[in-house]
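> build me a model from this:
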Amino acid sequence: IHFYKRYRREMRVTASCKVCAGEALSRCSGCFSVAYCGTEHQKSDWPGHKPGCSKPYTVKENDKVGRYMVATRNLSPGDIILREKAAVVGPSLEQSKPICLGCSASLMKTWHLCSTCQAPLCSKNCEKHPAHVDECQILKKNSGAMYTYFQNGTLQKKKPHPENANYQAILPVRALLLKKLDIKKYKALLALQSHRTEREEMGKTEIVKEKVIPIVQLYKIQEAHEDMLQNLCGIFDTNCFELCPSGAGDTLSGIFPSAAMMMHSCYKNTRLTFSDDHVLTIIARSKIKKGDAIYHTYARTFNTTTIRRIGLFSGKHFGCECVRCKDPTELKSFASALLCRCGGNIIPNDPLDLTQDAVWKCQECSSTLPSLQVAGQERDQMMALNNIQRDDIRGLEDFLSRHKKHLHPNHASLIEVKKSLSVGYGRFQGYTFDKLSMEKLKKKIGYCKEVLDCVTILEPGISTQKGLTLYELWMGEVELAERMKSEETLNQDEYKEALTNAFKYLEESAQILRYEPENSIHGRLSLDIDVKLLAEKLKLSKLN
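Residues are numbered from 1 along each chain as shown. Coordinates of the predicted model:
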């Protein structure tokens with residue numbers, strides 16, 4: 001019997017029991033299409049349900065994209081497609097910030113070295129953390145290896161300190177441990193693509209040979225030969241999902257073998273949620289017809305086409321030719337467009353062409369720019385933006401001021417900045433609502449609406465970003481209404497109307513974010529929003 005209990009940590013979208021129509025506490029984990037109030041009704045319905053119980057997807061394969069997921073039935077927004085526990089999770093292969101190898105907490109202020117293996121932990125309690133217990137038996141074989149490096153073929157030692165830890169060795173060690181702990185997950189992991197040839201051509205295998213292999217081999221693991229470690233690092237590089245658990249000091253990398261079967265598209269039709277215990281749930285973001293491919297994206301929504309495609313080619317080893325990438329206007333979002341001196345929009349003749357002769361052309365006056373010149377400008381803008389902390393309000397405002405003259409208002413870089421400012425205004429130190437000027441409050445509201453317009457185009461359906469931005473918009477509109485009422489620029493009826501309109505934003509935000517697991521950052525925000533929803537309903541009722 002396929003049975004998956006609805007623990008508190010799962011998404012809080014209500015369902016009805018198939019047998020009694022009461023509140024459902026569990027779903028069939030085979031098809032996710034039926035729910036039950038408890039074990040008794042699930043078991044009683046199994047004989048009738050079993051013949052039609054099947055996964056909502058199947059995996060197909062072709063020469064162009066390899067294996068990919070296809071819907072086996074029509075899916076509606078919010079339908080569960082897959083729920084999967086990570087096969088392996090750990091710090092990024094690229095040097096991680098100092099984090100605990102148990103709970104992943106930041107070690108920037110305090111830390112503890114494991115008394116058995118000297119691994120960086122947050123406290124003695126995490127010596128017994130499930131994530132660390134098994135690897136500890138491996139790491140203790142050479143407790144100094146965590147803080148060593150090779151220079152010109154010679155082993156050098158560093159001070160045992162979290163900032164000196166070889167975090168890049170942890171994922172391979174944990175992956176090799178799977179052979180003993182869970183052979184099924186181990187085989188599923190090794191069946192994923194590693195793109196070894198492409199990685200060799202790009203010089204990535206040399207980095208692994210220098211930074212990863214010598215360290216892992218110090219632990220004398222039988223399977224840790226060069227071919228295996230190169231294969232594993234290729235699998236991580238190509239298939240890892242990025243996780244951001246609550247309280248983590250840095251993002252983590254996780255491998256989900258079944259989820260890795262999804263095809264990439266910058267115009268995705270799924271939404272992923274991650275719980276703090278590393279369970280991934282894939283739900284339909286929008287309607288998906290039977291037979292349609294199921295898409296996820298490995299690229300950031302608010303990146304230009306060129307930046308997305310270069311990142312995918314260098315990181316995932318394929319060139320994206322999705323519906324968004326092929327469209328010069330990016331589905332009329334103009335997320336890569338420049339502004340011409342004449343006031344027109346400059347867009348590429350062919351977004352996929354980065355050759356010497358490729359050009360961008362103004363839609364009004366026909367002036368042109370070389371594609372390679374635009375690509376260079378985009379790289380410089382991205383690097384400048386990446387150097388600005390997201391709580392650096394003045395830095396973000398300066399970036400916006402400098403670039404809004406020549407970038408389309410919906411340009412990905414500008415929308416990324418506006419998204420950060422829409423959160424920072426009202427929250428960050430020096431810009432909390434009690435100190436926020438009326439001008440910046442109105443900017444917060446305006447930026448929220450601009451972000452929502454772009455998200456509606458590029459992430460249609462039940463987008464997490466849409467839910468988060470709607471919440472910020474509600475806060476801004478309520479604050480504006482309260483100020484205007486206190487200044488007597490709104491009468492009672494206008495005040496009530498403003499709060500009623502703002503309430504709609506909060507309602508929609510609540511509906512979208514209820515798909516988040518309770519034990520996650522966004523899940524806890526969802527619970528908080530539900531509390532505010534009740535309080536606002538009561539507040540509005542008293543205004544009648």
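
> for the residue nearest the centre of the chain, phi and psi?
When the chain is reduced to its mean C-alpha position, the nearest residue by Cα atoms, centre = their mean turns out to be Glu242, at 6.0 Å. Comment: the main-chain dihedrals of Glu242 come out as phi -90, psi 130, following degrees, to the nearest 10.

> and the pLDDT for the nearest residue to it once chain neighbours are set aside?
Distances taken as Cβ to Cβ, 6 or more residues apart in numbering put Thr251 closest to Glu242, at 5.1 Å, once the chain neighbours are dropped. Yep, even glycine has a C-beta here, placed from its N, CA and C like the rest. Looking at Thr251, its pLDDT stands at 94.

> before we move on, back to that, show me what the residue nearest to the centre of the chain is bridged to.
Taking DSSP bridges, one obtains Ser253 as the residues bridged to Glu242.

> quick check: pLDDT value at it.
We note a pLDDT of 94 for Glu242 in this prediction.

> the one 4 residues further on now?
Per-residue confidence for Ser246 comes out at a pLDDT of 93.

> ok, now His406?
So, for His406, pLDDT stands at 96.

> find the nearest non-adjacent residue to it, please.
With sequence-adjacent residues excluded and distances taken as Cβ to Cβ, 6+ apart, His406 is closest to Leu339, at 5.4 Å.

> residues in contact with the one you found?
Leu339 makes contact with 345-346, 405-408, according to Cβ atoms under 8 Å, 6 or more residues apart in numbering.

> write the PyMOL selection for whichever of these are buried.
Applying 16 or more other Cβ atoms under 10 Å to the contacts of Leu339 leaves a buried subset, and the PyMOL line that selects it is:
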select buried, resi 345+346+407+408
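
> so how far is stretch 88-98 from its chain's centroid?
For stretch 88-98, the distance between its averaged C-alpha position and the chain's averaged C-alpha position is 16 Å (Cα atoms, centre = their mean, to the nearest Å).

> which positions in that stretch come out as buried?
Those would be 88-93, 96-98, for stretch 88-98 by 16+ other Cβ under 10 Å.

> adding pLDDT, distance to Met263 and secondary structure, write those residues out as TSV.
Written out in TSV, the entries for the buried residues of stretch 88-98 read as follows (pLDDT from 0 to 100; distance: Cβ to Cβ, whole Å; DSSP: H, G, I helix; E, B strand; the rest coil):
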residue	pLDDT	distance to Met263	secondary structure
Val88	97	23	strand
Val89	97	23	strand
Gly90	97	26	strand
Pro91	96	28	strand
Ser92	93	24	coil
Leu93	90	24	coil
Ser96	87	29	coil
Lys97	93	32	coil
Pro98	96	36	coil
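
> TSV please, covering those residues and showing distance to Asp350.
Output for these, formatted as TSV (distance: Cβ to Cβ, whole Å):
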residue	distance to Asp350
Val88	40
Val89	40
Gly90	40
Pro91	40
Ser92	34
Leu93	34
Ser96	39
Lys97	40
Pro98	45
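
> list just the nearest of those residues to Leu458.
Nearest to Leu458, judged by Cβ to Cβ, of the buried residues of stretch 88-98 is Ser92 at 26.0 Å.

> phi, psi for Val65 please.
Main-chain torsions, Val65, degrees, to the nearest 10: phi -110, psi 0.

> count the residues that sit near it.
12 (other Cβ atoms under 10 Å).

> name the nearest residue to it, ignoring sequence neighbours.
The nearest residue in space to Val65 (Cβ to Cβ, 6+ apart) is Met263, at 5.8 Å.

> bridging across strands, which residues link to the one you found?
Tyr295.

> tell me the pLDDT of it.
Turning to Met263, the model gives it a pLDDT of 95.

> over to the one 10 residues further on?
The per-residue pLDDT reported for Thr273 equals 95.

> please apply the same query to His2.
Value for His2, per-residue pLDDT: 51.

> in a strand, that's where Arg271 is, yeah?
Yes - with the criterion set as DSSP: H, G, I helix; E, B strand; the rest coil, the secondary structure at Arg271 is a strand.

> and the strands in the stretch 201-350 of the chain, which stretches?
Using DSSP state E, counting those that start in this stretch, the strands assigned to the stretch 201-350 of the chain run over residues 241-243, 252-255, 263-264, 270-274, 279-284, 295-296, 338-339, 345-348.

> which one, of those, ends up nearest to Lys220?
Nearest to Lys220, of all those, is strand 252-255, at 24.0 Å by Cβ to Cβ.
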